[in-house]
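*Asks:* Show me the folded form of this:
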Amino acid sequence: MPAMKRKTLALPGVALATAALLAGCTAPATEPAPDAGGDETLNIGFFGFAAANSFAQGVYDGVEAAAAELGATSEFVDSNFDGQLQAQQVTDAVTSGQFDIIIIQANDNLVVQKPLEDAIAAGITVVIEFTAVGPDFETVEPQVPGAISIVDPAVVNGVKLGEMGLLACEEANADPCKVGYMEGFRALPLDNARTKAVVDTLTAGGAEVVAQVEGGYAADSGQAAFQDIITANPDVNVVIGSSQAIGGASLAAGPDSPVLFIGNGASRQAVEAVRNGDWFAIYALDVYLNGYTAAELGINKHLGEDVEVAIAEADLTPSKGIGTLANLEGFEATYDD
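*Replies:* A predicted model of the protein is given here:
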């Protein structure tokens, strides 16, 4: 492997304010692995959703592992779900030259686009992970020219959730099959695109979507949303939502409920719920592998190698994301809700 170049971690000018802000909320950088070609390393900045988010940390575990194995360092830059702050952090990183490679989970699919274009123009390798950057929520192709895109498009995710809903309807043997969908946040265009894909897939398959309520990404919001669904539709057969929200919904339903639950996310708790028979299925991505692959691609591209630039994360799992009981055999979850 060619020797890697270390960049000085100076933060001049406007970047100093952000550096001070991040001092208390960034994960420690990994120690560089020994480099057979010398002691110089590449530095990876992982601009994750939030350091407190277990999903983002699960992805970062894979980034750290790849960085260590390939002689690079990595650092988690925490924006705590703030799209504007994240965009400023990218801008500051471009100004400072702190990172050779940026891997980003975009909190806002549009506001960060220009800073990433600036990063590429400055010679920084950019890898967009999980959430697409740009207006199209269906394509895997990079919408930032020159970037690598290893993402799970919201529309693809929604179609898969709808397909699992139809499988659950077959299991319920209900005619018509009544489905409740707990959306994420209606203020987010990404969630709206996912919702439309879920509903369209269910409807096209003959299911009746009897409820669409905002369930969010927490157990308490999911519990409240489920109470709204079951009160208005006591005969609902299937309920779909984020795995965190479904966790709250299934607790509210109780162990004897006939409702079949489908969670969007493969935490350890969600995988165990399917294996225990408490839930019907989950949307299952290997987040550790996604992070590892993102870092590996970024390093290799920065070293001048030709790499694949458009990858659907569901394609990295044998089940293509369909996490029914049979498909989860041998699957290892790597993060907690």
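*Asks:* Please name every helix or strand in contact with the biggest helix by length in the chain.
*Replies:* The single longest helix within the chain, with elements called by DSSP state H, is helix 154-172. With contacts taken as 3 or more C-beta pairs under 8 Å, 6 or more residues apart in numbering; DSSP states H and E, helix 154-172 sits against helix 189-204, strand 238-242, strand 260-264, strand 281-283, strand 322-324. Using the backbone N, CA and C atoms, a C-beta is placed for each residue, glycine as well.
*Asks:* the inter-axis angle of the first one versus strand 238-242?
*Replies:* Here helix 189-204 points in a direction 160 degrees away from that of strand 238-242 (axes from the mean of the first three to the mean of the last three C-alpha atoms, to 10 degrees).
*Asks:* tell me what whichever helix or strand comes after helix 189-204 is packed against?
*Replies:* Remark: after helix 189-204, the chain's next helix or strand is strand 208-214, criterion DSSP states H and E. Packed against strand 208-214, as judged by 3+ C-beta pairs under 8 Å, 6+ apart, are the following elements: strand 178-183, helix 189-204, helix 219-232.
*Asks:* swap the cut-off to 10 Å and go again
*Replies:* helix 154-172, strand 178-183, helix 189-204, helix 219-232, strand 238-242 (3 or more C-beta pairs under 10 Å, 6 or more residues apart in numbering; DSSP states H and E).
*Asks:* Buried deepest among these, which one?
*Replies:* Burial of the helices and strands packed on strand 208-214 is given as mean neighbour count (mean count of other C-beta atoms under 10 Å); strand 238-242 ranks first at a mean of 30.
*Asks:* Okay, now the sheet partners of that strand, with direction.
*Replies:* Take DSSP bridges as the rule and strand 238-242 pairs in its sheet with strand 178-183 (parallel), strand 260-264 (parallel).
*Asks:* Now render the ones you listed as TSV, adding mean pLDDT and distance to Val126.
*Replies:* Shown next, in TSV, are the strands paired with strand 238-242 (pLDDT from 0 to 100; distance: least, C-beta to C-beta, whole Å):
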stretch	mean pLDDT	distance to Val126
strand 178-183	98	30
strand 260-264	98	26
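*Asks:* right, and those strands - which one's nearest Ala122?
*Replies:* With C-beta to C-beta as the criterion, Ala122 lies closest to strand 260-264 of the strands paired with strand 238-242, at 35.7 Å.
*Asks:* for that closest one, the distance to its chain's centre please.
*Replies:* 17 Å (C-alpha atoms, centre = their mean, to the nearest Å).
*Asks:* hey, where'd the helices end up in the protein?
*Replies:* 15-22, 54-69, 83-96, 113-121, 154-172, 189-204, 219-232, 243-253, 268-275, 287-302.
*Asks:* Can I get those helices in a markdown table including mean pLDDT?
*Replies:* Output for the helices of the chain, formatted as a markdown table (pLDDT from 0 to 100):
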| stretch | mean pLDDT |
| --- | --- |
| helix 15-22 | 29 |
| helix 54-69 | 96 |
| helix 83-96 | 97 |
| helix 113-121 | 98 |
| helix 154-172 | 98 |
| helix 189-204 | 95 |
| helix 219-232 | 97 |
| helix 243-253 | 96 |
| helix 268-275 | 97 |
| helix 287-302 | 98 |
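*Asks:* picking up where we left off before, quick one: closest of the helices and strands packed on strand 208-214 to Ile44.
*Replies:* helix 189-204 (24.6 Å).
*Asks:* For Gly58, see how far away Ala273 is.
*Replies:* Using C-beta to C-beta, to the nearest Å, we find Ala273 at a distance of 17 Å from Gly58.
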